[in-house]
Structures are given as C-alpha cells and as structure tokens.
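> here is my input; please provide its structure:
(one chain, ligands or ions: 1)
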Amino acid sequence: MRIDRLETINLQYEYAEGFSYAGGHCTGRVTSLVLVHTDDGQVGIGSVYSHPVLVHLIVQHQLAPLLIGKDPTDVESIWDLMYKITRWYGRKGVAMSALGAIDVACWDLRGKAAGKPVWSLLGGESGTCAAYASALLWNDVESLATEAAGLIDQGFRRVKMRLGRDPQYDLAAVQAVRQAIGDNNDLLVDGSMRYDLETARHFGHQLAEQNIFWFEEPFQPEDLDSYAALRGTIDVPLAAGENEFGSQGFRELLRANTLDIVQPDASRCGGITEVQRVAEMAQQHGVRFATHSWSDAVAIIANAHVVSAHNHGITVEIDRTGNPFVDDLLVEPITVGDGCLQLSDAPGLGIELNEEVIQQYRSQDPLAIPDGAYSDMVFGPQHYAPAPPFGSEG
Ligand SMILES: [Mg+2]
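Here you go, the predicted model:
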C-alpha cells in the first residue's frame, strides 16, 4: 500500500443566529478534513482544526509531495518526516495540527491494513469510553438549567459549561446547572482563560462546594506560573491543554506541575501519535488526560480511540451546541448512552463520511474564507468583538 494523493476539504457553516461566549459572538464553524488516498483504492480519514487556508497550503504544497509513494502504515516514520520538514516554522500551531490530520488518516489506514480497530492497536480492550456534553454557553441562568437537564435526558452523565463572564453570573450559573443535573452527574467548568490567580483561587473554593469535576483553563495558556500556583490550593482538579501542541509542549506543562488533567486534541496537537505520546508522558507524572474536541466528529472519534485505550484516559468532549460537522458528518452518527461512547469494532477509525454533507458545506475555494467569527478563529475586522473584561458585566 502506497500513498497516491492527499485531499484537503475545508468545510464551512454559517449559523442562523450563532451564540455568545468568552470569544465574542460566534457566527459559524469551520474545520478541515484531510484524506489520504492509496494506490490500492483505500482512503484514510483525518481532520484538523486550524486556519483552513494554511492547512491547505501546508498539506498540498509541502507535505503531499514528500509523502506520495510512501507506505502510510509506517505511521511513526511519516510523522517524523512531516515534523522535521516543518520544524523551522512548525512545532506549535498550524503545521503541527496539519501533520496531525495526516497522522490520523495513516492510523486509519494502518488499522484497515491490519483488520483491527485503532483502539485495539493502541492496546485497548473494548473501545468504550466516557464522554461529556460540551455546551452551556453564556445564556441566562434559567435556560442553562433547562439545557443541562436536556443533555442528561440525551444520555450524558457529564456536562461542561462556559464561565468567565463575571463573578456573580459564574457562581449563579454553576449553582443552577448543578441543581438541574443533580448530584449523581458530573459538572465540568471552563474558565475561558478569563481569571487572575486571586479570583481563580477564591472561585475555586466556591467550585469545590459544588463538587466540580474539573476547572478548565482559568488562565491563558502561556501563564504556567499561575497554573502552578493554583494547583493543589483548591479542592478541584485543574485541567488545560487544548492550546498546547506537541509532546514538547506538554512536557513543559507536566514538568512545571501545572495540571491534574491534560487535554490534548488529535486535531490540534499532532495527531493520534502525539496524543498517545502525551498520554504516556502524563502517566509518568501521575496526571490523567481527557481529550479536547471542538471541531468535527472525525476529531472526536480519533481522540476517543486513544482515551479508550488507557485507564488514565478519563473522557472525551462532544460539542452539543449544534455543530453540523459533529452531528451530521458521519454516516453512523456518534451516540452516547449512559454517559459512554462506543467505538466501532470495524478496522481503522471505523467511520464513514457522509458525502452529501461534505458537498453541502465544502468551500469551493480552499484559499478563501468568508468573513465571520468561527468560534476560535475570526476573519474580518467587523467580526472581531471580544467579550467585555471579566467582572464588568454584572
Ligand atoms: Mg476549553
């Protein structure tokens, strides 16, 4: 089996209304698929959540010429080759994310060639892993309670909400959602990088009273000192890592004793190969991991294969905000029952893409993105409207 060509597919969706959160007002979503086609007619599926135009350029103009003719099942050699050729401008950010998409597609092909699911190749026994509903944005407290109860009705046993709006709202929102889901379900909170150390410590004590499962990203990802200072002083596990790339980045987080839970994402940090390396490194530090996903179903599934293969892999994130790339992209949509996601026993990632959905949302020009605020990436100055400073809303 040899690589014949790489295909990049940028997907773009516009919300009718969108949603508000710490990033401002989100008007749409983007993600990119990378398909690895082989000379014997196989297709490996990967995805990447980064700047779509840059993904296309890096994959098509630098990585594809290098990889054509190579054996895609030699996954680690391919990863090394891609890393070395992009190192000068890569290591963190889009090049690392883009090579990760190819890595995921190669894992899919390795599994297909071996006739085994990826979770089995990674040493897993069942392909089952816990999953949580990621939603509960900056809405009024009553509607958050209704939404949270609805997520539990859908089969989730763990939900994550967005905070960092202002201290009064944050506490009221947490109390309302806790009451709505009851004491037997887990509540996770995302600080949206909006706290300072003193506020986070004070709020952390209030979170402990609500028995919070983890406190995510209270600080900006560069602020390792605040993470290290907060960790262990509150009775809530500290989580972060969606903005980290590569095992070298996670090594820095782990050595600085910043976190109780690391959150790598195969579609951002360097593929299944790199999430696996981060998982092994975390285990050596006595730290658990729980993958981040905010882009598409391929990313969720890729992450779930690694989480399900490790005892210290806690849970995977499932975007429940109404993202068509999560809800509609796969022929067999992701389902959660009694808090768990069950991966397929089929070889590779065990997924099939819905071609109609791809045609519906595919960008015609891979070098253009219409202006909009796509949750994490903003294009066009009229869409750049960050939320007011923490504590100023009341
Ligand atoms: Mg987050």
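> please identify the helix or strand for A105.
Element membership of A105 [criterion: DSSP states H and E] is helix 94-114.
> chain center to the following helix or strand past that helix: distance?
Moving toward the C-terminus from helix 94-114, the next helix or strand (DSSP H and E) is helix 118-121. Taking the mean of its C-alpha atoms, helix 118-121 sits 20 Å from the chain's own mean (CA atoms, centre = their mean, to the nearest Å).
> just checking, what packs against helix 118-121?
In terms of contacts (3 or more CB pairs under 8 Å, 6 or more residues apart in numbering; DSSP states H and E), helix 118-121 is packed against helix 94-114, helix 297-308. Every residue, glycine included, has its C-beta placed from N, CA and C.
> return the most buried member of those.
helix 297-308 (a mean of 28; mean count of other CB atoms under 10 Å).
> the longest strand in this structure is where?
Secondary structure of the chain per DSSP state E: the longest strand is strand 3-21.
> now that one: buried residues?
Buried residues in strand 3-21, counted by 16 or more other CB atoms under 10 Å: 3-4, 6, 8-13, 15, 18-21.
> just to revisit the earlier point, between the helices and strands packed on helix 118-121, which gets nearest to Q276?
Evaluated with CB to CB, those place helix 297-308 nearest to Q276, the distance being 5.6 Å.
> pLDDT of stretch 184-202, averaged?
Stretch 184-202 shows a mean pLDDT of 98.
> now do the end-to-end distance for it.
Start and end residues of stretch 184-202 are separated by 25 Å (CA to CA, to the nearest Å).
> which regions of the stretch 201-350 of the chain lie under the pLDDT threshold?
Low-confidence segments of the stretch 201-350 of the chain (pLDDT under 70): none present.
> could you pull out the helices for it?
224-230, 246-255, 266-269, 271-284, 297-308, 324-327 (DSSP state H, counting those that start in this stretch).
> of all pairs in the buried residues of strand 3-21, which one is the farthest apart?
D4 and S20, at 44.6 Å, using CB to CB across the buried residues of strand 3-21.
> do you know the pLDDT at E393?
On the pLDDT scale, E393 is placed at 65.
> okay, the closest residue to R277 other than its chain neighbours and Q284: tell me how far apart.
If the residues on either side of it in the chain are set aside, R277 comes closest to S247, at 4.4 Å by CB to CB, 6 or more residues apart in numbering. Taking CB to CB, to the nearest Å as the measure, S247 falls 12 Å from Q284.
> shared neighbours, these two?
By CB atoms under 8 Å, 6 or more residues apart in numbering, S247 and Q284 have no common neighbours.
> re earlier: mind putting the buried residues of strand 3-21 in JSON lines, distance to V55 and pLDDT included?
As requested, these are exported to JSON lines (distance: CB to CB, whole Å; pLDDT from 0 to 100):
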{"residue": "I3", "distance to V55": "18", "pLDDT": "98"}
{"residue": "D4", "distance to V55": "20", "pLDDT": "98"}
{"residue": "L6", "distance to V55": "11", "pLDDT": "98"}
{"residue": "T8", "distance to V55": "6", "pLDDT": "98"}
{"residue": "I9", "distance to V55": "10", "pLDDT": "98"}
{"residue": "N10", "distance to V55": "7", "pLDDT": "98"}
{"residue": "L11", "distance to V55": "11", "pLDDT": "98"}
{"residue": "Q12", "distance to V55": "13", "pLDDT": "97"}
{"residue": "Y13", "distance to V55": "17", "pLDDT": "97"}
{"residue": "Y15", "distance to V55": "22", "pLDDT": "94"}
{"residue": "G18", "distance to V55": "23", "pLDDT": "88"}
{"residue": "F19", "distance to V55": "24", "pLDDT": "88"}
{"residue": "S20", "distance to V55": "27", "pLDDT": "86"}
{"residue": "Y21", "distance to V55": "24", "pLDDT": "86"}
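> please name the residues that touch Y89.
The contact partners of Y89, by CB under 8 Å, 6+ apart, come to A95.
> just checking, next helix/strand downstream of the helix or strand where A149 lies?
According to DSSP H and E, A149 maps onto helix 141-153. Remark: after helix 141-153, the chain's next helix or strand is strand 158-162, criterion DSSP H and E.
> how's this protein carved up into domains?
3-115+355-377, 119-342 (automatic domain parsing).
> so which of those domains is nearest F390?
It is, among those and with distance given as CB to CB, domain 119-342, at 4.4 Å.
> list the buried residues of stretch 333-352.
For stretch 333-352, by 16+ other CB under 10 Å, it's 334, 336, 339-343, 347-351.
> so L121 makes contact with A114?
Yes - with contacts counted by CB atoms under 8 Å, L121 reaches A114, the gap being 6.5 Å.
> what comes up buried for stretch 383-393?
Across stretch 383-393, burial judged by 16+ other CB under 10 Å covers 383, 387, 390-391.
> can you check stretch 152-159 too?
152, 156-159.
> next: stretch 276-293.
276-279, 281-282, 287-293.
> make TSV from these and add distance to S97 to it.
Compiled in TSV, the buried residues of stretch 276-293 are given as follows (distance: CB to CB, whole Å):
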residue	distance to S97
Q276	16
R277	16
V278	14
A279	18
M281	19
A282	20
V287	23
R288	23
F289	18
A290	19
T291	14
H292	12
S293	13
